[in-house]
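Asker: The sequence and its predicted three-dimensional model are supplied below.
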Amino acid sequence: MNEPPLVPYSFPIIGHTKEYFTNTESFLTTCRKQYGEIFSLYVFGEIITIIGKEHSFEITKNHNDFNFFEAFRETLPTDSLLRRPITFNINLIKLVNDRFSSTGRYITYMNKIQDALKISIDKYIGECIGQKYIKSLDNVASQLVARNIVSIVLGEKFSYDDEIVNTFANLTTEITGLVHFPPILNFIHKSLHRSLLIFRLKYASNVYPKHRNLLFNKLSLIIKQREHEKKELGDTSADILQMFIDFSTKDDIVDLQELTDYIVEFIFISVQATSNALRYTLYEYGSHPEYWKELLEENEMISNIVKDGYFDLKDIDKMVKLDSFIKETLRYWMPCGKDHNIAKLGLQHKTISDYFTFSNGYQVPKGRNVYLYVSNIHETDQIGSTFNGFRYVGKNSPATRLGDDFVPFGRGRHAC
Ligand code: HEM
């Protein structure tokens, strides 16, 4: 019997490295024209498979054969750093589902978020009477998001603690900065690249120990304070930190190392993606003055009817133009970011069954890394595709609604 065909793979990337890194988009489009919706490349000693829009849903709908999460755990620096069992991630996801869904308790944090935003805006931007120059939007966006997360997770009091806000803001970027270099050692053996990453993270830089020690020390103080203030704390059911403390408590003793790891992991999942989304939205806003008037009018209209100075979810739902503008930004930029080298590929998956067979008969073997060709799925790779900030107005398609053609938050069982 004939073996079903494996996904065809093209020329080694090394021969085309310059083209690949200088103009990934046109390189991938050329490959797609040549090989179709599924093709593989030989990148730094490893074969990777790339899937365009026609077959992407087969992956996202077949999470039993393709495990995003395993790949996520294998590639996130936290896996090498923390080495926690799978229950650790399950607990974390349970907490996020319970506390952060828009229908659930998220509403409890709305005022905290707005207070934290006001502090950050005053501190990093201030009054804008004339024009202002923001030196690093990247820093400002991470500080804005980090302060919110600190306020929600550790409590409002800590949103004034700049040391802790800085750690929340910088931990992910500084660590991913350390691990972003091409896996050239794959040519010798795959495990060498991984070993080098772990070495760089753990021993060759003090970035991780510095942030971790700060978190550990602050958390031990918080735990001691909580012991004293037990009665005054009252109902802690909306308290995220308490949930992390409960996960880390055995026989009435809090394992502070484990608690610190929960906070580190939470920073990884929440801060960078959100501050990237904010930064990208501001870039698009800045470069499209034609939208300013309408977006401001919508905002002013809703701000004028807000009574106690805080927006609630209903007010925010009324900002349909802003929501559409954000969704269009995410379509262009996420989940990979236009500014990265391998910008157009994202949501890495790994085959976990012996073989995965696509509807066109092609197969990928076990262990193969598969990437979604996101700009193809989002159709931003099409000639003539233009940014249309109000594309989704009146379409009943909010930024949080996922679909086969909109994957910034992933798709399927492990979607954000
Ligand atoms: C604009 C902001 C964000 C973006 C674009 C984003 C994007 C993503 C993406 C692409 C995934 C992978 C989905 C997949 O496997 O298909 C993911 C997973 C996840 N995200 Fe987000 N995320 C954002 C904000 C957040 C925040 C603020 C939190 C926490 C409060 C969070 C918690 C999670 C968790 C727990 C997972 C893992 C889900 C699972 O494996 O079941 N994300 N996110």
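Answerer: Noted; the coordinates are in hand.
Asker: Only C-alpha atoms from now on, for both contacts and neighbour counts.
Answerer: Fine.
Asker: So which residues on the protein come close to the ligand?
Answerer: Taking CA under 6 Å from any ligand atom as the contact definition, the chain meets the ligand at 68-69, 93, 96, 100, 269-270, 273-274, 277, 335, 408-412, 414-416.
Asker: among those, which ones are buried?
Answerer: 68-69, 96, 270, 273-274, 277, 335, 408-412 (16 or more other CA atoms under 10 Å).
Asker: pLDDT check: weakest of those residues?
Answerer: Lowest pLDDT within those is found at residue 69 (63).
Asker: Determine which residue lies closest to the centroid of the protein.
Answerer: The residue lying closest to the centre of the chain (CA atoms, centre = their mean) is residue 273, at 3.2 Å.
Asker: Look up how far residue 320 lies from residue 241.
Answerer: 33 Å (CA to CA, to the nearest Å).
Asker: ah, wrong one, I meant residue 314
Answerer: 11 Å.
Asker: What of residue 226?
Answerer: 42 Å.
Asker: swap in residue 87?
Answerer: In terms of CA to CA, residue 87 sits 39 Å off from residue 320.
Asker: who's more crowded, those two?
Answerer: When residue 87 and residue 320 are compared for neighbours, residue 320 comes out ahead with 22 against 9, by other CA atoms under 10 Å.
Asker: ok, the residue lying closest to that one once chain neighbours are set aside to the ligand distance?
Answerer: Leaving aside its sequence neighbours, residue 320 sits nearest to residue 393 (CA to CA, 6 or more residues apart in numbering; 6.2 Å). In this view, residue 393 and the ligand are 19 Å apart by CA to the nearest ligand atom, to the nearest Å.
Asker: Residue 393 contacts residue 318, correct?
Answerer: No - contact criterion CA atoms under 8 Å: residue 393 and residue 318 do not qualify, at 11.1 Å.
Asker: Residue 400: what secondary structure?
Answerer: coil (DSSP: H, G, I helix; E, B strand; the rest coil).
Asker: For it, give me its contacts.
Answerer: By CA atoms under 8 Å, 6 or more residues apart in numbering, the contact set of residue 400 is residue 327.
Asker: element containing the residue in the stretch 51-200 of the chain that the ligand sits nearest to, please.
Answerer: Scanning the stretch 51-200 of the chain for the residue nearest the ligand gives residue 93, at 4.6 Å (criterion: CA to the nearest ligand atom). If you go by DSSP states H and E, residue 93 is part of helix 86-100.
Asker: Which neighbouring elements make contact with that helix?
Answerer: Packing partners of helix 86-100 (3 or more CA pairs under 8 Å, 6 or more residues apart in numbering; DSSP states H and E): helix 240-247, helix 256-287.
Asker: With distance to residue 197 added, can I get the ones you listed in JSON lines?
Answerer: Below are the helices and strands packed on helix 86-100 laid out as JSON lines (distance: least, CA to CA, whole Å):
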{"stretch": "helix 240-247", "distance to residue 197": "28"}
{"stretch": "helix 256-287", "distance to residue 197": "17"}
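Asker: what's the closest of those helices to residue 58?
Answerer: Nearest to residue 58, of all these, is helix 256-287, at 24.9 Å by CA to CA.
Asker: what's the offset of the closest one from the middle of its chain?
Answerer: 7 Å (CA atoms, centre = their mean, to the nearest Å).
Asker: now swap in stretch 362-369 and tell me
Answerer: In this view, stretch 362-369 has its centroid 25 Å away from the chain centroid, taken as CA atoms, centre = their mean.
Asker: what comes up buried for it?
Answerer: Residues of stretch 362-369 classed as buried by neighbour count (16+ other CA under 10 Å): 362, 363, 364, 365, 368, 369.
Asker: Show me which of those is closest to residue 210.
Answerer: When the buried residues of stretch 362-369 are compared against residue 210 (criterion: CA to CA), the nearest one is residue 369, at 32.9 Å.
Asker: can you tell me which residues contact that closest one?
Answerer: Per CA under 8 Å, 6+ apart, neighbours of residue 369: 47, 48, 49, 348, 349, 350, 351.
Asker: how about a cut-off of 6 Å?
Answerer: 48, 349, 350 (CA atoms under 6 Å, 6 or more residues apart in numbering).
Asker: Which single one of those residues is nearest to the ligand?
Answerer: Checking the contacts of residue 369 one by one against the ligand (CA to the nearest ligand atom), the nearest turns out to be residue 349, at 8.4 Å.
Asker: which residues in the stretch 151-300 of the chain form helices?
Answerer: 162-179, 190-202, 207-228, 230-233, 240-247, 256-287, 292-305 (DSSP state H, counting those that start in this stretch).
Asker: Looking at the ones you listed, spot the one closest to residue 111.
Answerer: Using CA to CA, the helices of the stretch 151-300 of the chain put helix 292-305 closest to residue 111, at 14.6 Å.
Asker: Packing partners of the closest one?
Answerer: If contacts are counted by 3 or more CA pairs under 6 Å, 6 or more residues apart in numbering; DSSP states H and E, helix 292-305 sits against no helix or strand.
Asker: Residue 51 pairs with what?
Answerer: Beta-bridge partners for residue 51, by DSSP bridges, are residue 38, residue 372.
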